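Undergrad: what follows is a predicted structure for the sequence shown.
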Amino acid sequence: MTDDNRFVIDPATSDLHADNELLRKAGALVPVTAEGVSAWAATQYATLLTVLTHPDMSRELHHWNARHTMPPGTAIDRIVTDTSMLNAEGERHRRLRMPLTAAFSQRRLNGLRPRIEELTARLIDRLAAMPPGEPVDLRLEFAYPLPREVISELIGIPPAHQDELHRLTDAVAQVGGLEDSPDLRKELRELLDQIIDERRGSPGEDLITDLFELHERDGGRLSEDELFATIELLFIAGHVTTVNLITNGIGALLSQPGQLDLLRSGQCPYSAAVEETLRWDSPIAYFPMRYAVRDVEIDGVHLSSGEPVLACFASAGRDPGQYGDDADRFDLTREQNTHLAFGHGPHFCLGAPLARLEGEIALRALFEAFPDMRLARPLEELPPLDTLLGNSTRKMPVLLGPRSSPR
């Protein structure tokens with residue numbers, strides 16, 4: 001805590017959940033500094049739910065009274081200046097979001113399931129062919145490539161650009177040797193822009209084609225800037241958080257005693273492992289911002305018009321006020337398994353059904369294929385992502401053990 005009684009949120013912390021426990025004990029809305037920005041932090045489940053749904057809280061940047069003091073090039077800067085539906089409200093948000101709902105409908109997901117299972121099986125085969133007895137980084141070799149390939153196909157990324165695009169998104173997903181940076185993000189944006197331009201004359205059954213049609217008819221329902229921003233958002237957000245979900249699920253199931261037995265006995269479904277992972281170890285740590293549209297009081301705290309609020313998703317997932325005294329325990333049999341990991345209200349994550357499907361397929365296939373798998377290093381020794389937004393580890397090294405015989 002600094003002299004002005006603001007908690008300094010450290011993206012490089014070695015123990016995010018311990019930091020969040022201190023934040024929750026300090027109050028429901030706590031003054032913090034994150035990446036040089038002063039804000040309120042919504043630390044508890046009920047308060048975060050209120051912030052996410054309150055009519056006087058908005059994601060539109062023009063409401064932020066101190067936006068001109070924000071340091072450039074930070075994670076906060078990238079998020080709050082995004083011009084897609086992420087920061088839209090009201091009619092504009094509905095206009096930008098509605099065309100995408102069909103892409104994530106149950107019908108589309110049912111059609112995607114066989115392809116996701118095929119990609120997963122291919123990755124399992126590749127893992128099984130690796131040198132036996134040597135540690136394998138499952139974040140790099142499994143949790144990352146699966147959602148990356150799925151979103152590339154769903155959006156319509158041409159095969160000729162996939163290697164270069166994957167090289168750049170390696171850094172965004174914190175895998176491989178590249179480091180995320182403003183220059184890398186600029187290079188990634190330029191490549192996506194090039195892909196979009198090239199796809200104008202080559203329609204297909206994918207999201208880029210669907211968005212082009214909206215852009216070019218209905219009186220320009222999507223502007224040029226909105227078109228580019230939407231595709232960029234879908235590609236990056238459509239796989240990076242799922243990488244964290246699968247990585248965190250592997251770590252939880254390999255480190256928390258007795259939980260794998262519940263899955264293998266059939267007492268709990270793999271969907272329960274996905275939901276408990278989302279609660280217990282949210283893929284997103286902190287997410288900026290909501291702004292007070294006018295003076296408002298939330299849980300006894302006065303917010304002045306224009307003040308920003310940081311959403312603390314990982315903290316809310318372990319709030320004893322919502323989940324009881326054992327909120328910090330990973331428990332697949334937990335009756336209260338609702339969570340806010342995908343947000344709530346109009347901005348509820350559009351890709352949540354796809355992330356859940358990918359997580360369930362991936363975890364089931366992995367643990368059925370390698371029943372003797374174990375961590376190569378204790379979970380607490382693994383390096384964190386070192387980012388404000390993401391909550392996971394940079395690596396997930398395991399010893400796979402022998403592959404089970406096909407059923």
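TA: Sure, I can see it. Numbering: from 1, shown residues only.
Undergrad: compute the first-to-last residue distance for stretch 76-96.
TA: End-to-end distance for stretch 76-96: 22 Å, by CA to CA, to the nearest Å.
Undergrad: nearest residue to the middle of this protein?
TA: Nearest to the geometric centre of the chain sits Thr241, at 2.6 Å (CA atoms, centre = their mean).
Undergrad: right, and that one touches Ser282 too?
TA: No. The pair Thr241 / Ser282 is not scored as a contact, 9.2 Å apart, by CB atoms under 8 Å. Placement of C-beta: from N, CA and C, glycine included.
Undergrad: and the strands in the stretch 201-350 of the chain?
TA: Remark: strands assigned in the stretch 201-350 of the chain by DSSP state E, counting those that start in this stretch are 286-292, 296-298, 301-303, 308-312.
Undergrad: and the angle from the last one to strand 286-292?
TA: I take that to be strand 308-312. If you take axes from the mean of the first three to the mean of the last three CA atoms, to 10 degrees, strand 308-312 sits at 140 degrees to strand 286-292.
Undergrad: give me the helices and strands touching strand 308-312, please.
TA: Packing partners of strand 308-312 (3 or more CB pairs under 8 Å, 6 or more residues apart in numbering; DSSP states H and E): strand 29-34, strand 37-42, helix 45-53, strand 286-292.
Undergrad: and the first one, which strands flank it?
TA: Spelled out, it's strand 29-34. Strand 29-34 pairs in its sheet with strand 7-9 (parallel), strand 37-42 (antiparallel), by DSSP bridges.
Undergrad: comparing those strands, which stretch has the densest surroundings?
TA: A comparison of those by mean neighbour count, using mean count of other CB atoms under 10 Å, puts strand 37-42 on top with a mean of 24.
Undergrad: what's it in contact with?
TA: 6-7, 9, 23, 28-34, 48, 50-51, 66, 69-71, 74, 76, 286, 288-289, 301, 303, 307-312, 315-316 (CB atoms under 8 Å, 6 or more residues apart in numbering).
Undergrad: from those, list just the buried residues.
TA: By neighbour count, with 16 or more other CB atoms under 10 Å, these hold 6-7, 9, 23, 28-34, 48, 50-51, 70, 74, 76, 286, 288-289, 301, 303, 307-312, 315-316 as buried.
Undergrad: any stretches of the stretch 1-150 of the chain with poor pLDDT?
TA: By pLDDT under 70, the low-scoring segments of the stretch 1-150 of the chain are 1-4.
Undergrad: now the closest residue to Pro371 other than its chain neighbours: phi and psi?
TA: In space, and not counting its chain neighbours, Pro371 is closest to Ser404: 5.5 Å by CB to CB, 6 or more residues apart in numbering. The phi and psi values for Ser404, taken as degrees, to the nearest 10, are phi -70, psi 160.
Undergrad: picking up where we left off before, could you dump the strands of the stretch 201-350 of the chain to CSV with mean pLDDT and distance to Leu363?
TA: Output for the strands of the stretch 201-350 of the chain, formatted as CSV (pLDDT from 0 to 100; distance: least, CB to CB, whole Å):
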stretch, mean pLDDT, distance to Leu363
strand 286-292, 97, 24
strand 296-298, 97, 36
strand 301-303, 96, 39
strand 308-312, 98, 26
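Undergrad: let me have these in JSON lines, extended by distance to Glu205.
TA: Putting the strands of the stretch 201-350 of the chain into JSON lines (distance: least, CB to CB, whole Å) gives the following:
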{"stretch": "strand 286-292", "distance to Glu205": "32"}
{"stretch": "strand 296-298", "distance to Glu205": "45"}
{"stretch": "strand 301-303", "distance to Glu205": "46"}
{"stretch": "strand 308-312", "distance to Glu205": "35"}
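Undergrad: that'll do, ta.
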